[in-house]
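*Asks:* pasting the sequence and the predicted coordinates here, then a few questions.
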Amino acid sequence: MKYNQQPFKNPVLLWSEAEFQSHVQNLAKSLGYTQQYHTHDSRRSNPGFPDLVLIHGRTKKLMFAELKAQAGRVSPAQESWLNDLRLGGQVAEVWRPSDWVSGRILQVLRGGATVARA
């Protein structure tokens, strides 16, 4: 296959989890999420706790996000945490770079409806 015939792959889909997290945190900050928490050493945390806890400065909206590289898998412990948070009425999402491309992350951070999915 010639170079100009190869299918285009969006470079966002190639972000590492660390790159992705940086972009999500910057976007959240720009939208007014003044409180952000990320456990820097997950070895000392309860297994499966979500990567990010975000609180909007004005609305005090609270949300939890588990971030995955595009091909990353959600562990059973992560699924358990997210499901329990949702049952408690919290926004608890799994986000991948494809959700950045589709605009889903922006929609959720702006207060759009969420549907539980992994």
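*Replies:* It's in.
*Asks:* tell me where the longest helix sits in this structure.
*Replies:* The single longest helix within the chain, with elements called by DSSP state H, is helix 17-30.
*Asks:* pull the contacting residues for Phe64.
*Replies:* Neighbour list for Phe64: 50, 52-54, 81-82, 85, 90-93 [criterion: CB atoms under 8 Å, 6 or more residues apart in numbering]. All C-beta spots, glycine's among them, are computed from the backbone N, C-alpha and C.
*Asks:* can you do 7 Å?
*Replies:* 50, 52-53, 85, 90-92 (CB atoms under 7 Å, 6 or more residues apart in numbering).
*Asks:* separate out the buried members of the residues you listed.
*Replies:* Buried members of the contacts of Phe64, counted by 16 or more other CB atoms under 10 Å: 50, 52-53, 85, 91-92.
*Asks:* make JSON lines out of those and add secondary structure and distance to Lys68.
*Replies:* Formatted as JSON lines, the buried ones among the contacts of Phe64 follow (DSSP: H, G, I helix; E, B strand; the rest coil; distance: CB to CB, whole Å):
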{"residue": "Pro50", "secondary structure": "coil", "distance to Lys68": "11"}
{"residue": "Leu52", "secondary structure": "strand", "distance to Lys68": "12"}
{"residue": "Val53", "secondary structure": "strand", "distance to Lys68": "17"}
{"residue": "Leu85", "secondary structure": "helix", "distance to Lys68": "16"}
{"residue": "Val91", "secondary structure": "strand", "distance to Lys68": "17"}
{"residue": "Ala92", "secondary structure": "strand", "distance to Lys68": "14"}
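*Asks:* tell me which two in those residues are the farthest apart.
*Replies:* Spatial extent of the buried ones among the contacts of Phe64 (CB to CB) is set by the pair Leu52 and Leu85 at 12.3 Å.
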